[in-house]
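Visitor: give me a model of this one.
(2 chains)
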Amino acid sequence: MKTRLKEGQKVQGADIVCEMLVRHGISVIFGYPGGANIPIYDALYKYPKLHHVLVRHEQGAAHAAEGYAWATGRPGVCFTTSGPGATNLVTGLADAMLDSIPMVCITGQVPSPLIGSDAFQETDVLGVTLPVTKHNYLITKTEDIAPALHEAFYLATHGRPGPVLVDIAKDAQTNFAEFQSPKERDYLKNKIKHKATIEEVEKIAEFLNNAEKPLIVAGHGMLLSGDGKTLLAIAQKQDIPITLTQLGLSTIPSTHRLFMGMPGMHGNVAANRAPNRADVLLAVGMRFHDRVTGKVSTYAPQAKIIHIDIDPSEIGKNVKPTLGVVGDAKIVLQQILPKLKKLKRESWLVELKNWKNEEKEKVFDKELNSTKLKSAQVVAEISKQTEGLATIVADVGQNQMYAARYSTFRKYNTHFTSGGLGTMGFAVPAGMGAKFGDPKREVWIVVGDGGIQMTIQELATIVQENLEVKIALLNNNYLGMVRQWQELFYKGNYSAVSLKNPNFQKLCEGFGINSMKAENFKRAREAIKIARRTKGPFLIEFVVEAEENVFPMIPAGAGIDEMIVSRE
Amino acid sequence: MNKELSNIIIWTENKPGVFFRILWLFRRKMFNIESATVGHTEIPGITRFTITVTGDKDQVRNMCKQVYKLINVVKVEDVLDEKLVSRELAMIKVSTKNRAEKLEILEVVKHFRARVINMALDKLMIEITGGEEKIDAFYENMKQFRILEFVRTGRTALFK
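Guide: Next up is the predicted model:
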């Protein structure tokens, strides 16, 4: 453990903050200084190993921290000041909360004698962020800083990960205290169950060994547990088709013969139809989200559902499983693997492959062979040129669905997006954070013309840090997903979805980012090549068909059997 | 659906804001709290909540898991009535017009084994403990008099 402070050394609270970050292996902080956290910034001066990235808006800091966490598995860290600085974090916290992303946010608070007095830039940050954090703290005494931060890092990363916020009064930052290494609290550890019981393991094995049409649905929990190999080993041993939820994508290579795509509103045909035919459904590290199940009462009607999740409150929350098992996805699967018989399931796999082919004919081929430039073509081409090894950071909306559907993921943990909250503006700062966390990654940000303008100011941060990220801007001059809903379900009344956009090329010039514009596929392919060859950040504006729709689609609230495969 | 009163007993660390977190969570999950009592326990630093809610049993079960996720919560149990001895405390203040009425009130007090805890010339303050039904019945009997104030604590309970 790297340390700078000795036990019992008398230091200011702000030094303790920096010390605790170093001790938890943090090297990058995303933040924005202000009146109530300026002492921490002063202490940062003594810690040159902590690289502070000055974002342009605190929301950018939060999403960047998410991207960092996603890329590294370590919690992303944000610094912001009190009041508006802290409230600007809220969207990012909510995003991290719903997608289980470890994060530690340290906000400055007005001096403790002023708390409650409606002082300048005072907000009840504990109250405001309570619903969107796993836990939060208000610290008014210097000696409480180290234990709170220690616990914050523990909570952010253990059990189901999530964001933790530590609000520190300014006087606690400046007062002196003796530094003491914090101690572990056993009871927090005891609250987390990692392993399945022997009976549970036997039962799962029995279900799978006797299944005729088993199906795996794995989610973000599987990805977070850091193990796609055991999942694949289980599937291979018994010929079980695997589907991955949007946040589970890249857990196994999407080129694998047993990979049947992503279930959900815009998911793949095979992945959506399979639950309704399956007799055993093994759900791992996922939470039967409404976007995944469609109308929940018609979901997987005849399947025995085995639900494995580390969060006990997810078991039975949305779907009542036949067998609910609380545990870490990786550990439980490792327990199951040796109990499974070797099985072949030719006809079941053929059934799924036929659905896969149906989608290929009706959707994929049409999209990819279109003469007009399509988002699908752009995403597929990026995958092709990067050989499926790049990290795709997708924003929200149609662009996100294209990124999920048309990318090939050959490397573990290479698809990041805002799934649960659906935060437009996520991709640019998150992609930035991912690159900071793991500079060896080739990061491609996929974003629409609506979303990019929500956090476009972070382009300045990217330039200031000369960060090697590539941005694929899919420009259709519409808020595409809402427009699609209006076209399909609101009689084509395009209400407030048309965007008169700025000249993105000139904007890039203003920010100092190299850019290109591509109106057709040939030029798109060339632009991607050039972007990859060019050092530093690069933005390509792809002018895609204005009124393209993402298919298949399950209308909101409808059952999976009501899926619209294509428009014809 | 099974809509009866459920007892949720929660043990938490005695830290600032815990009450707020618990109440927030019940609101967040759309539960209406019927009653809540809080107090210290036999273990130093541990606070015990007895919360009663109406709701479908599955929802209550899930609610307990949600509550357990709160970091400061040490233990949660959803307990059936028959496993508990529960009590409620109520206090009532009534005005007494004359001696006859006073005696009449004291008769009711005696019958319910309640206690007079403050007596003035023109009013009485009475405390009563018991289950909800006993307190309801006591209140019904007191309604014929002029009630100045009435308050009840809500259920608190121990395991049998």
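
Visitor: okay, buried residues for stretch B:21-40 please.
Guide: Neighbour-count burial for stretch B:21-40 flags B:21-22, B:25-26, B:31, B:35-38 (criterion: 16 or more other Cβ atoms under 10 Å in any protein chain shown). Heads up, the C-betas are built off the backbone N, CA and C, glycines and all.

Visitor: who's in contact with the helix or strand of chain A with the lowest mean pLDDT?
Guide: When the helices and strands of chain A are compared on mean pLDDT, DSSP states H and E, helix A:186-190 comes out lowest with a mean of 86. For helix A:186-190, the external contacting residues (Cβ atoms under 8 Å, 6 or more residues apart in numbering or on different chains) are A:151, A:154-155, A:158, B:71, B:74.

Visitor: let me have those in CSV, extended by neighbour count.
Guide: Output for these, formatted as CSV (neighbours: other Cβ atoms under 10 Å in any protein chain shown):
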residue, neighbour count
A:Glu151, 19
A:Tyr154, 19
A:Leu155, 22
A:His158, 17
B:Ile71, 21
B:Val74, 18
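
Visitor: will you turn the residues you listed into CSV that also has secondary structure, pLDDT and distance to A:Met222?
Guide: Listed next are the contacts of helix A:186-190 as CSV, based on DSSP: H, G, I helix; E, B strand; the rest coil; pLDDT from 0 to 100; distance: Cβ to Cβ, whole Å:
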residue, secondary structure, pLDDT, distance to A:Met222
A:Glu151, helix, 96, 27
A:Tyr154, helix, 96, 22
A:Leu155, helix, 97, 21
A:His158, coil, 96, 17
B:Ile71, coil, 95, 25
B:Val74, strand, 95, 30
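
Visitor: ok, of those, which one's closest to A:Ile513?
Guide: The closest of the contacts of helix A:186-190 to A:Ile513 turns out to be A:Leu155 (Cβ to Cβ; 37.5 Å).

Visitor: which residues touch the closest one?
Guide: By Cβ under 8 Å, 6+ apart, the contact set of A:Leu155 is A:134-135, A:162, A:164, A:188, B:71.

Visitor: give me the buried entries from those residues.
Guide: Among the contacts of A:Leu155, those classed as buried by 16+ other Cβ under 10 Å are A:134-135, A:162, A:164, B:71.

Visitor: one step back: closest one of the buried residues of stretch B:21-40 to chain A?
Guide: If you rank these by distance to chain A using Cβ to the nearest Cβ, B:Arg21 comes first, at 6.6 Å.

Visitor: which stretches of the chain have low pLDDT?
Guide: I went with chain A, as the question did not name one. A:1-2, A:568 (pLDDT under 70).

Visitor: should've been chain B
Guide: Applying pLDDT under 70 to chain B flags the ranges B:1-3.

Visitor: chain A contacts on that one?
Guide: Listed as neighbours of chain A in chain B under the rule Cβ under 8 Å from any Cβ of the partner chain: B:16-17, B:20-21, B:24, B:28, B:58, B:61-62, B:65-66, B:68-71, B:74.

Visitor: among the contacts of A:Leu155, which pair sits farthest apart?
Guide: The distance between the two most remote of the contacts of A:Leu155 (Cβ to Cβ) is 13.6 Å, for A:Gly162 and A:Leu188.

Visitor: can you tell me the closest non-neighbouring residue to the closest residue to chain B within chain A?
Guide: Closest contact between chain A and chain B, by Cβ to the nearest Cβ, is at A:Ser313 (3.7 Å). Once flanking residues are discounted, A:Ser313 sits nearest to B:Lys65: 3.7 Å by Cβ to Cβ, 6 or more residues apart in numbering or on different chains.

Visitor: I would like the residues contacting the one helix or strand the one you found maps to, please.
Guide: Using DSSP states H and E, B:Lys65 sits in helix B:57-69. With Cβ under 8 Å, 6+ apart as the test, helix B:57-69 has contacts from A:191, A:311-313, A:315-317, A:320, B:2, B:6, B:8, B:10, B:22, B:25-26, B:29, B:31, B:53, B:55, B:73, B:75-78.

Visitor: about what we covered before: how far off centre is the least confident helix or strand of chain A?
Guide: In this view, helix A:186-190 has its centroid 27 Å away from the chain centroid, taken as Cα atoms, centre = their mean, to the nearest Å.
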